[in-house]
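**Q** Quick check, what structure comes out for this input:
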Amino acid sequence: MLKALKVVFFVTLFLSLRTDSRSDPPTPSPTVVTQPIQPQTKDPAKEATRDERGTNNLPLVVKIIEPEKTQEELAQEAKDRHDHATNEGRLTDLTNEIAWFTGLLVVATVGLVLATAGLIWTAFRQEGHFKRTERAFVFLSRWDKQPVVGHDNQIRAWRVYPVFNNSGTTPARKAQLTICFENMKTEMPDNFSFETNDTKRMIPVIIGPNGNVRTSGVEYDLIDIEHFLKGTEFAYIWGWVDYNDVFSGTERHRLEFCYQVAIDPTIPFNNPERVVVMSYKKHNGSDDECLRKAEPYKD
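**A** Below is the predicted model of the structure:
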């Protein structure tokens, strides 16, 4: 019975659904419109803000909460601070002591430099003084006068010799003497050149330490003496001596001389003092006082 009722129910439901599908028009299916997927744009400001986190522009703030220190740690920190201050004080004291010692060293060094400079200067001056005092210094020291006797044992002339002396304790090296004898009708003019091209008048001489040398002289006979007395002739002896000293690096030295020979009528003829040799007003000097520089040595 129950099975028959179930069959009737399903049949009736099937018929009703079929009738409804024929009577109602078909319902249109909805149209699905497909839109293209747009790419999502990123906000630069948000991206920059997110990227700069944790940098200098946007640092992260981290708060560190330190744990409370124990009494032992506090005591150790106090001891460390005390030791550090003590060490700093010692270091400051040592620095000051080093500064003082450095200052004393600088003063001592300056004193040593000055003392050394003083010794060098003293040695330099002593060397210069030694060269000036010990070097050869040639000068015309005197005039020797010798009578010339004739067959009748009478003095017929006087010969005059210049004597050159070296006052230094070292010899004069490569010394060359040039001597001229001139009898003039007038007094020597002011523009006299004191020059000669006569090489025969150049005489090599040797003058040792504290030594002297007498060169060839000039003879004045009775006629010459008579002319000198009358003032009709004037006699001059002039020349120079060029020489080196023994020290290296020094310049060649020079002596210039000029003398006039005259007669003193108040003195007897046989007295050598009758012949007077007087220094002339020009051409007398040594080294930088000379009219000309020393000539180079010639063999």
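
**Q** before we move on, could you check phi and psi at K293?
**A** For K293, the backbone dihedrals (degrees, to the nearest 10) come out as phi -80, psi 160.

**Q** what's the nearest residue to it if we skip its chain neighbours?
**A** R254 (6.7 Å; Cβ to Cβ, 6 or more residues apart in numbering). The C-beta positions use only the backbone N, C-alpha and C, and glycine is treated the same way.

**Q** cool, E182 as well?
**A** Leaving aside its sequence neighbours, E182 is closest to Y236 (4.8 Å, by Cβ to Cβ, 6+ apart).

**Q** Against which helices or strands is the one helix or strand that neighbour maps to packed?
**A** When elements are assigned from DSSP states H and E, Y236 belongs to strand 234-244. Helices and strands touching strand 234-244, by 3 or more Cβ pairs under 8 Å, 6 or more residues apart in numbering; DSSP states H and E, are strand 155-166, strand 172-184, strand 218-221, helix 222-230, strand 253-263.

**Q** switch to 6 Å and redo it
**A** Using 3 or more Cβ pairs under 6 Å, 6 or more residues apart in numbering; DSSP states H and E as the contact test, the elements touching strand 234-244 are strand 172-184, strand 253-263.

**Q** hey, which of those is tucked in deepest?
**A** A comparison of the helices and strands packed on strand 234-244 by mean neighbour count, using mean count of other Cβ atoms under 10 Å, puts strand 253-263 on top with a mean of 21.

**Q** Can you check what angle separates the helix or strand that it is followed by from helix 222-230?
**A** The C-terminal neighbour of strand 253-263 among helices and strands, as given by DSSP H and E, is strand 275-279. Here the directions of strand 275-279 and helix 222-230 differ by 60 degrees (axes from the mean of the first three to the mean of the last three Cα atoms, to 10 degrees).

**Q** what does the following helix or strand past strand 275-279 contact?
**A** The C-terminal neighbour of strand 275-279 among helices and strands, as given by DSSP H and E, is strand 285-286. Among residues not part of strand 285-286, those counted as contacts by Cβ atoms under 6 Å, 6 or more residues apart in numbering are L255, E256.

**Q** Parallel or antiparallel, which strands does strand 285-286 pair with?
**A** Strands that pair with strand 285-286, judged by DSSP bridges, come out as strand 253-263 (antiparallel).

**Q** next one: the strand it pairs with to chain centre, how far?
**A** Here the centre of strand 253-263 is set off from its chain's centre by 45 Å, with Cα atoms, centre = their mean, to the nearest Å.

**Q** rewinding a little: so which of the helices and strands packed on strand 234-244 gets nearest S216?
**A** The stretch from those with the least distance to S216 (Cβ to Cβ) is strand 172-184; that distance is 7.5 Å.

**Q** ok, back up a step: quick one: contacts for the residue nearest to E182?
**A** With contact taken as Cβ under 6 Å, 6+ apart, Y236 is in contact with E182, M188, Q260.

**Q** at 8 Å instead, please
**A** In this structure, Y236 makes contact with F181, E182, N183, M184, M188, C258, Y259, Q260, V261, Y280, judged by Cβ atoms under 8 Å, 6 or more residues apart in numbering.

**Q** Nearest to the spatial middle of this structure, which residue is it?
**A** Compute the mean C-alpha point of the chain, and by Cα atoms, centre = their mean the closest residue is A117, 15.5 Å away.

**Q** Next up, phi/psi of it, please.
**A** Dihedral angles for A117 - degrees, to the nearest 10 - are phi -60, psi -40.

**Q** any idea how far R173 is from V205?
**A** From V205 over to R173 the distance is 11 Å, taken as Cβ to Cβ, to the nearest Å.

**Q** just to revisit the earlier point, what's across from the residue nearest to K293 in the sheet?
**A** The partner residues for R254, given DSSP bridges, come to D242.

**Q** Contact partners for it?
**A** The contact partners of R254, by Cβ under 8 Å, 6+ apart, come to W240, V241, D242, Y243, S286, D287, C290, R292, K293, A294.

**Q** Look up the closest residue to the second one, ignoring the ones flanking it.
**A** Looking back up the chat, that one is V241. Computed as Cβ to Cβ, 6+ apart, the closest residue to V241 that is not its neighbour in sequence is L255, at 4.4 Å.

**Q** The fourth one too?
**A** Taking Cβ to Cβ, 6+ apart as the measure, Y243 lies nearest to A175, with 3.8 Å between them; neighbours along the chain are not counted.
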